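A.B. asks: All I have is the shape, not the residue letters:
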């Protein structure tokens, strides 16, 4: 390595609601946290427009502004926030933990909190990227409220897609569900819920050809992959529910994960299988995936880390 090894008491990897909340609690506990922001400083909320479901913001707030507020609070309390990407780690039970930043800088951390989040899977259309935040969303629970009373479409065939379609059906006029194959991947119970909801129309063998609209979503052009016929459907909201990928690849040699790559934590805690390494937010939560639950788990991780460091110091 080109630089001397830096010793850190508490290292936080990732800067979404989980990471910044962990930093706030760790700083208040005088753990002198160092936080690396990663590739997407502020996490997924920085590509979100209005946030109306986070407590304490009665008029709502823009996602990037909210994350800037999180960061300011963490810095004011003493967090050393740095721009950089953790590129590799070497974890050992009890530590200290070896962490490499940007391929060159080595850090030795007594406690590590992983809060690297998860990234939504997208279809890969230029129009999807262009209209992201202007009618295109990967979270119906987060953004469905903005499209209440309108017609929307959702892409996906698994349990999450069915749950989100069901949620949207309660607030939207009509929900078109675009299923690429001739059947669902979802459980029978979830399929039944969708198929018995009057304002959900399931379009099988259907792929998204183009999302229509210049400044905001106005419709979607779909392709029937059996007949090769296309049709245009007027909608205001377009939701992608084809899964998420947790940003956990570099931890795989050391940390226990499920088959999707979500980090497994001890029930009711943020503890991983490696003593001294904790995890918060969407890197370990594939169920709720909300800013408020991520923040809560960030608090848990900082408290768990503080207790663990205190017990270690007392030994």
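C.D. replies: Everything's here; your move. Please read these numbers as outputs of a predicted model, since none were measured by experiment. Numbering: from 1, shown residues only.
A.B. asks: Which residues outside stretch 84-97 are in contact with it?
C.D. replies: With Cβ atoms under 8 Å, 6 or more residues apart in numbering as the test, stretch 84-97 has contacts from 7, 11, 13, 36-39, 98-103, 105, 108-112, 250-251, 254-255, 274-277, 312. (Each C-beta comes from the backbone N, C-alpha and C, glycine too.)
A.B. asks: List the buried residues of that stretch.
C.D. replies: By neighbour count on 16 or more other Cβ atoms under 10 Å, the buried set for stretch 84-97 is 84, 86, 89, 91, 95-97.
A.B. asks: quick revisit: whichever of the contacts of stretch 84-97 end up buried, select them in ChimeraX.
C.D. replies: Here is the ChimeraX selection string for the buried members of those, based on 16+ other Cβ under 10 Å:
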select :11,13,36,37,38,98,99,100,101,105,109,110,111,112,250,251,254,255,274,276,277
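A.B. asks: Tell me which entries of the contacts of stretch 84-97 lie within strands.
C.D. replies: Mapping the contacts of stretch 84-97 onto strands (DSSP state E) picks out 7, 11, 13, 36, 98-101, 105, 108-112, 277.
A.B. asks: wait, residue 226 sits on residue 207?
C.D. replies: No: using Cβ atoms under 8 Å, residue 226 is not in contact with residue 207; the gap is 10.6 Å.
A.B. asks: out of these two, which sits in the busier spot?
C.D. replies: Using other Cβ atoms under 10 Å as the criterion, residue 226 and residue 207 rank with residue 207 on top: 15 against 10.
A.B. asks: residues in contact with the residue nearest the centre of the chain?
C.D. replies: Centroid-nearest residue in the chain, with Cα atoms, centre = their mean: residue 118, separated by 4.1 Å. Residue 118 makes contacts with 244-247, 262, 282-283, 286, 289, as judged by Cβ under 8 Å, 6+ apart.
A.B. asks: Nice, that's everything, thank you.
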